[in-house]
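> Using only what follows, build the 3D model:
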Amino acid sequence: MRFAILGLYNSGSSALAGMAHRLGANLGPPFWRDRPGRESTVYEADDLAAALRRWWDEPELIERTTADQRVGWLRAWIEHQESASSAPAGVKHPLLALSANDIVAAWGADTRFIWARRPLAESVAGLTRRAWFPGREPVMQARLWYAMDAFAGSGAAVTALDWDETRRDPAAAALRLSALLDLNPDGEQLAAAAGFVRGSAA
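Below you'll find the model as predicted:
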């Protein structure tokens, strides 16, 4: 089973990815780290994160590659992950909102998409606090929001998980995510997933 966790920066997608990792899903480690030697807090496959930044010229979000190039890369990536592990394989990164149709073309229409949904204004405010892209936050977040909204309205298999609900009841969110990803975690894995959300910021 293949899946993608989509969402804006500071939308709760890292929390969902961290949960999925603890529930037994394969998100393509090694994960990108914002500081060498520090454990990843975002659960983004390092090679995928680098590719997305090339494809979409972060923070400008200007397309720099063809759809055919992206689809070929994504197809090879998922096949490599599935050859290494039998666990459901997937990805998480904010820029995936711009490549959602590429994922469908590369992985098939039965790919499951999970939208970490948080109000646009809250995600903009969160990214502004981080100061990663000073002055660019509203434009970047709006571009990703409208890309996600269009994709969700296209008939794709998108399930929205609300960040406030996830934070309010992480145990229920862990169970729902397990069902969406066809996982059968044990009690320890479920507790670890819920605990990760309790200790996370969006």
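
> Show the contacting residues for the closest residue to residue 171 other than its chain neighbours.
Nearest residue to residue 171, sequence neighbours excluded (C-beta to C-beta, 6 or more residues apart in numbering): residue 194, at 4.5 Å. (C-beta placed from N, C-alpha, C; glycine too.) For residue 194, the contact set (C-beta atoms under 8 Å, 6 or more residues apart in numbering) comprises 19, 170, 171, 173, 174.

> which helix is the longest one in this structure?
If you go by DSSP state H, the chain has its longest helix at helix 67-84.

> who touches that helix?
With C-beta under 8 Å, 6+ apart, helix 67-84 has contacts from 2, 26, 28, 45, 47-48, 51, 55, 89, 99, 101-103, 105-107.

> tell me how far stretch 60-78 is from the chain's mean position?
16 Å (C-alpha atoms, centre = their mean, to the nearest Å).

> try stretch 102-116
Chain-centre distance of stretch 102-116: 12 Å, with C-alpha atoms, centre = their mean.

> What of stretch 116-133?
How far stretch 116-133 lies from its chain's middle: 15 Å, per C-alpha atoms, centre = their mean.

> And for stretch 15-25?
How far stretch 15-25 lies from its chain's middle: 11 Å, per C-alpha atoms, centre = their mean.

> go on, stretch 15-34?
9 Å.

> can you pull the buried residues of it?
15-28, 31-32 (16 or more other C-beta atoms under 10 Å).

> Closest one to residue 116 out of those, please.
residue 16 (5.2 Å; C-beta to C-beta).

> Could you pull up the contacting residues of the closest one?
Residues counted as contacts of residue 16 (C-beta under 8 Å, 6+ apart) are 5, 7, 92, 114, 116, 161, 166, 173, 177.

> How about the contacts made by the last one?
Read it as residue 177. 16, 19, 20, 23, 114, 161, 183, 193 are the contacts of residue 177 under C-beta under 8 Å, 6+ apart.

> ok, now with 10 Å
3, 5, 16, 19-20, 22-23, 25, 114, 159, 161, 166, 170, 183, 185, 190, 193 (C-beta atoms under 10 Å, 6 or more residues apart in numbering).
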